[in-house]
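Colleague: no sequence on this one, just coordinates:
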Ligand code: GLV
């Protein structure tokens, strides 16, 4: 029997590519940059499965152009690049890669919290540019992490790992979550639930965001939210760029309404080189790398491969975001 045809939208861990090549007739997009839209629209015409990344928009137009498509496996936990209701209508199962990146992403959010609070990137620029003339009592002062108050906005898997790590710094940890309160974790990790977002923002020294991107969370953090924060606040986002109104963030950083920010994600990715945020010293801008450890990216790729292969066989992918397609 002919093997199913799949398109893999980028090079990834060889282990995952070997799994896919064994089970399918695979075409691999080898460029560093994502396949351009017109190319992707052509490639999908004849495929049964697509391994997509968060840079590939999988919408109604693409699914209409792909009459044989049975499975879209996204190598990411977030799947805001995919129109899932539309996929369900088309009878296409969608897979994602939750769990394996939780701790790695939490580690990186912590890297941003610490580097931003203690001005690590700025210090590096300072040193390299020859500004380091002496040890100075007033030079590059930041804000303490230990014993400070951490505010977690969105306390799912990643948020909880952030909270665990905060215990080592003797922090007070507040969280706000609109999906569900977590009484057990509140006890176990000493978390305090704050029902109103603005109350959390006004109390926290460090604010870190871990919500998915949905209509309700687009620009969740905007002018009024920055205004609610302390002037000493450090703000970190490693969820999705559009959760934060970047123009409002620029104003808040420029005017000193908040102390500093660390972003792993931006509204447009990559951030355009003329974005005003790039002119500020009190922001760290990372290129969406929170899950980028060797081990985790390998696990994400093999998990995406397993989802793809199961979906092609008509089986439930181990991690499926619209199981109702196969349950019908
Ligand atoms: C990365 O941002 C992911 O959603 O996996």
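Modeller: All right, it came through fine. Fair warning: this is a prediction, and the values are worked out from it, not measured in the lab. Residues are numbered from 1 along each chain as shown.
Colleague: the residue of the stretch 101-250 of the chain found nearest the ligand: how many residues sit nearby?
Modeller: Closest residue of the stretch 101-250 of the chain to the ligand, C-beta to the nearest ligand atom: residue 101 (5.6 Å). From N, CA and C alone the C-beta is placed, and that goes for glycine too. Other residues within reach of residue 101, judged by other C-beta atoms under 10 Å, total 24.
Colleague: can you pull the contacts of it?
Modeller: 77, 290, 291, 296, 299, 300 (C-beta atoms under 8 Å, 6 or more residues apart in numbering).
Colleague: got it, and residue 50?
Modeller: For residue 50, the contact set (C-beta under 8 Å, 6+ apart) comprises 6, 7, 9, 44, 56, 58, 66, 69, 71, 72, 73.
Colleague: so which of those residues is the most crowded?
Modeller: Top of the contacts of residue 50 by neighbour count (other C-beta under 10 Å): residue 72, with 32 neighbours.
Colleague: assign that one to helix, strand or coil.
Modeller: When classified by DSSP: H, G, I helix; E, B strand; the rest coil, residue 72 comes out as strand.
Colleague: where does the nearest residue to the residue of the stretch 101-250 of the chain closest to the ligand once chain neighbours are set aside land in three-state SS?
Modeller: Of all residues not flanking residue 101 in the chain, residue 291 sits nearest, at 4.0 Å (C-beta to C-beta, 6 or more residues apart in numbering). Here residue 291 is recorded as coil under three-state DSSP.
Colleague: sorry, back to before: export the contacts of residue 101 to CSV and tack on neighbour count and pLDDT?
Modeller: Below are the contacts of residue 101 laid out as CSV (neighbours: other C-beta atoms under 10 Å; pLDDT from 0 to 100):
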residue, neighbour count, pLDDT
77, 23, 96
290, 21, 98
291, 24, 97
296, 20, 98
299, 20, 98
300, 27, 98
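Colleague: restrict these to those near the ligand?
Modeller: Under the cut-off given by C-beta under 6 Å from any ligand atom, the ligand has 77, 291 from the contacts of residue 101 close to it.
Colleague: just the closest of the contacts of residue 101 to residue 133, please.
Modeller: Comparing the contacts of residue 101 against residue 133 with C-beta to C-beta picks out residue 290 as the nearest, at 35.2 Å.
Colleague: so that closest one touches residue 103, yeah?
Modeller: No: Residue 290 is beyond contact range of residue 103, at 10.9 Å (criterion: C-beta atoms under 8 Å).
Colleague: run a quick neighbour tally on residue 119.
Modeller: By the measure other C-beta under 10 Å, the count of residues near residue 119 is 21.
Colleague: what sits against it?
Modeller: Listed by C-beta under 8 Å, 6+ apart, the contact set of residue 119 reads 140, 141, 142, 260.
Colleague: for those residues, pick the one with the most neighbours.
Modeller: With neighbours taken as other C-beta under 10 Å, the top of the contacts of residue 119 is residue 260, carrying 24 neighbours.
Colleague: can you pull the pLDDT of that residue?
Modeller: We have a pLDDT of 98 for residue 260.
Colleague: contact partners for it?
Modeller: So residue 260 contacts 116, 117, 119, 142, 234, 235, 253, 282, 283, 284 (C-beta under 8 Å, 6+ apart).
Colleague: now the phi/psi pair for the second one, please.
Modeller: Residue 117 has phi and psi values of phi -60, psi -40 when expressed as degrees, to the nearest 10.
Colleague: quick check: it vs residue 197, distance?
Modeller: The gap separating residue 117 from residue 197 is 21 Å, by C-beta to C-beta, to the nearest Å.
Colleague: for those two, indicate the residue with more neighbours.
Modeller: More crowded of residue 117 and residue 197, by other C-beta under 10 Å: residue 117, with 22 against 19.
Colleague: check what pLDDT the more buried one gets.
Modeller: Taking residue 117 on its own, its pLDDT is 98.
Colleague: thought it was touching residue 145?
Modeller: Yes: under the criterion of C-beta under 8 Å, residue 117 makes contact with residue 145 at 5.5 Å.
Colleague: now for the two: what residues contact both?
Modeller: residue 206.
Colleague: helices along the protein, start to end?
Modeller: Ranges of helices in the chain, per DSSP state H, are 14-23, 37-43, 60-64, 84-89, 102-117, 120-128, 157-166, 183-189, 197-203, 223-228, 246-254, 294-312, 324-327.
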